[in-house]
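Colleague: No letters, just coordinates:
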């Protein structure tokens, strides 16, 4: 039987080569194409980015000195922050609700999470 190495942030951290590549790709894709994507694809992409950047949504949108220092090193974080503040108030509220529901995931196993979106 072949065994697969565990991958991802929870196993190898944010500095893992695979995580860095995914973060770079998602960030490049989102920053260059967000104005061409539907709002649902924008939300999905940003949610994926939050899985590979070392900052939480709440920290990203708050205006704190620590957050500013972290963002100065993160193109993905800067891009997401600018995107979020360009949304309408209604879209911001909707994304906040979605981000909150993603943090309320039930862990099924160490490598899997199941999230239930009450808006679906």
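Modeller: Now that the structure is in, tell me what you want to look at. Treat the numbers as computed from the prediction; the structure is a model and nothing was measured.

Colleague: how about the helices of the chain, start to end?
Modeller: Under the criterion DSSP state H, the chain contains helices at 9-12, 17-33, 39-50, 57-61, 65-71, 75-86, 89-103.

Colleague: Dump the ones you listed to a markdown table, plus mean neighbour count and mean pLDDT.
Modeller: The way it works is simple: take the backbone N, C-alpha and C, and place the C-beta from them, glycine included. Formatted as a markdown table, those follow (neighbours: other CB atoms under 10 Å; pLDDT from 0 to 100):
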| stretch | mean neighbour count | mean pLDDT |
| --- | --- | --- |
| helix 9-12 | 14 | 70 |
| helix 17-33 | 15 | 90 |
| helix 39-50 | 16 | 92 |
| helix 57-61 | 17 | 83 |
| helix 65-71 | 13 | 56 |
| helix 75-86 | 17 | 88 |
| helix 89-103 | 14 | 87 |
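
Colleague: Roughly how far does residue 87 sit from residue 81?
Modeller: Distance check for residue 87 against residue 81: by CB to CB, to the nearest Å, it reads 11 Å.

Colleague: same thing with residue 30?
Modeller: Residue 30 is 12 Å from residue 81, by CB to CB.

Colleague: likewise residue 47?
Modeller: Distance, residue 47 to residue 81, using CB to CB: 15 Å.

Colleague: Equivalent analysis for residue 24, please.
Modeller: 17 Å.

Colleague: Same check on residue 43?
Modeller: 15 Å.

Colleague: Could you do residue 57 as well?
Modeller: To residue 81, residue 57 is 10 Å away according to CB to CB.

Colleague: so what's in contact with those two at the same time?
Modeller: Common contacts of residue 57 and residue 81, defined by CB atoms under 8 Å, 6 or more residues apart in numbering, are absent altogether.

Colleague: Quick check: the closest residue to residue 37 other than its chain neighbours vs residue 34, distance?
Modeller: Among residues not flanking residue 37 along the chain, residue 45 sits closest, at 7.1 Å (CB to CB, 6 or more residues apart in numbering). According to CB to CB, residue 45 and residue 34 sit 8 Å apart.

Colleague: Repeat that for residue 21.
Modeller: Counting by CB to CB, the gap from residue 21 to residue 34 is 20 Å.
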